[in-house]
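Predicted model and sequence below, questions to follow.
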Amino acid sequence: MYMQPQQYPPRGYEMHPHHNPHPPPPMPHPSMMQHHQYQQQQQVMTRPPIPESIPPSSQSQEVSGNQCDFCLGDEYENKKTHKSEELITCKDCSRSAHPTCLNFNPNMLLSVKKYNWQCMECKTCSICGNSENDSQLLFCDDCDRGYHFYCLQPPLSKAPEGDWRCKLCVTQFGELQEN
Ligand SMILES: [Zn+2]
Ligand SMILES: [Zn+2]
Ligand SMILES: [Zn+2]
Ligand SMILES: [Zn+2]
């Protein structure tokens, strides 16, 4: 009898998160870089290359936009799950977060990629576009959009118990199942 040896594909190799907290910026004078095209001497970075062509020096302390506001990880590593995870970014303040750090469900994950998501602090009503009376702002459990109770048709007088699904999401995912 012939037993074939188990083959292990070299998977997970590139997933290994290197610890590289804050690489110091290689050049103290950013003004010099505009003149001088940044020399490609920093090719051997400990991270995988970033798709957009951002020179490594420009992301020293400027972390907004590519760091999760909650776990302080990035798209390569969610510090809570220790997995790579796409970040979503608020259209107003440009702060980013991992969907799992925001406790998003799978429907929300789908939905937030289809519109200009706003974080909790920037959230406005999807109907009137206003952020006032945020105590009366209701959030859809499937897309995270905000709605004033009084802007809804028909208006609500108080927060519904349990999950609530906005009209857009009813169209997308169907009526919420009673449990
Ligand atoms: Zn996170
Ligand atoms: Zn925001
Ligand atoms: Zn409103
Ligand atoms: Zn919704």
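In hand now; what should we look at? Ligands and ions are numbered 1, 2, ... in the order given.

Show me what Phe139 bridges to in the sheet.
Gly146 (DSSP bridges).

quick one: Cys68 and Glu86, what's the gap?
Cys68 is 11 Å from Glu86, where distance means CB to CB, to the nearest Å. The C-beta positions use only the backbone N, C-alpha and C, and glycine is treated the same way.

actually Glu77, not the one I typed
In terms of CB to CB, Glu77 sits 12 Å off from Glu86.

So for these two, which sits in the more crowded spot?
Glu77 (20 against 11; other CB atoms under 10 Å).

Provide the backbone phi and psi angles at the more buried one.
phi -150, psi 120 (degrees, to the nearest 10).

Spell out the secondary structure type for Leu109.
Following DSSP: H, G, I helix; E, B strand; the rest coil, we place Leu109 in the helix state.

Apart from its neighbours in sequence, what residue is nearest it?
Pro99 (5.1 Å; CB to CB, 6 or more residues apart in numbering).

what residue ranges in the chain score low on pLDDT?
Across the chain, the ranges flagged by pLDDT under 70 are 1-65, 178-179.

all helices for it, in order.
Under the criterion DSSP state H, helices of the chain are mapped to 30-35, 106-112, 167-173.

and Leu72, which of those helices is closest to it?
helix 106-112 (20.3 Å; CB to CB).

Restrict the closest one to CA atoms and write it as CSV.
Below are the C-alpha coordinates for helix 106-112, written out as CSV (Å, rounded to 0.1, in the frame of the first residue of the first chain):
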residue,chain,number,x,y,z
PRO,A,106,-23.2,40.3,7.9
ASN,A,107,-26.0,42.4,6.5
MET,A,108,-24.5,45.6,7.7
LEU,A,109,-21.2,44.5,6.3
LEU,A,110,-22.8,44.2,2.9
SER,A,111,-24.8,47.5,3.2
VAL,A,112,-22.0,49.8,4.4
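
what sits up against it?
Residues outside helix 106-112 that contact it (CB atoms under 8 Å, 6 or more residues apart in numbering) are Ile88, Pro99, Phe104, Asp141, Asp142, Cys143, Asp144, Arg145, Cys169, Gln172, Phe173.

now stretch 69-80
17, 47-48, 66-68, 83-87, 95-98, 100-102, 119.

now do 6 Å
Here stretch 69-80 makes contact (CB atoms under 6 Å, 6 or more residues apart in numbering) with Pro17, Asn66, Gln67, Ser84, Glu85, Glu86, Leu87, Arg95, Ala97, His98, Cys101.

Sort out which residues of that stretch are buried, please.
For stretch 69-80, a neighbour-count test (16 or more other CB atoms under 10 Å) marks Asp69, Phe70, Cys71, Gly73, Asp74, Glu75, Glu77, Asn78 as buried.
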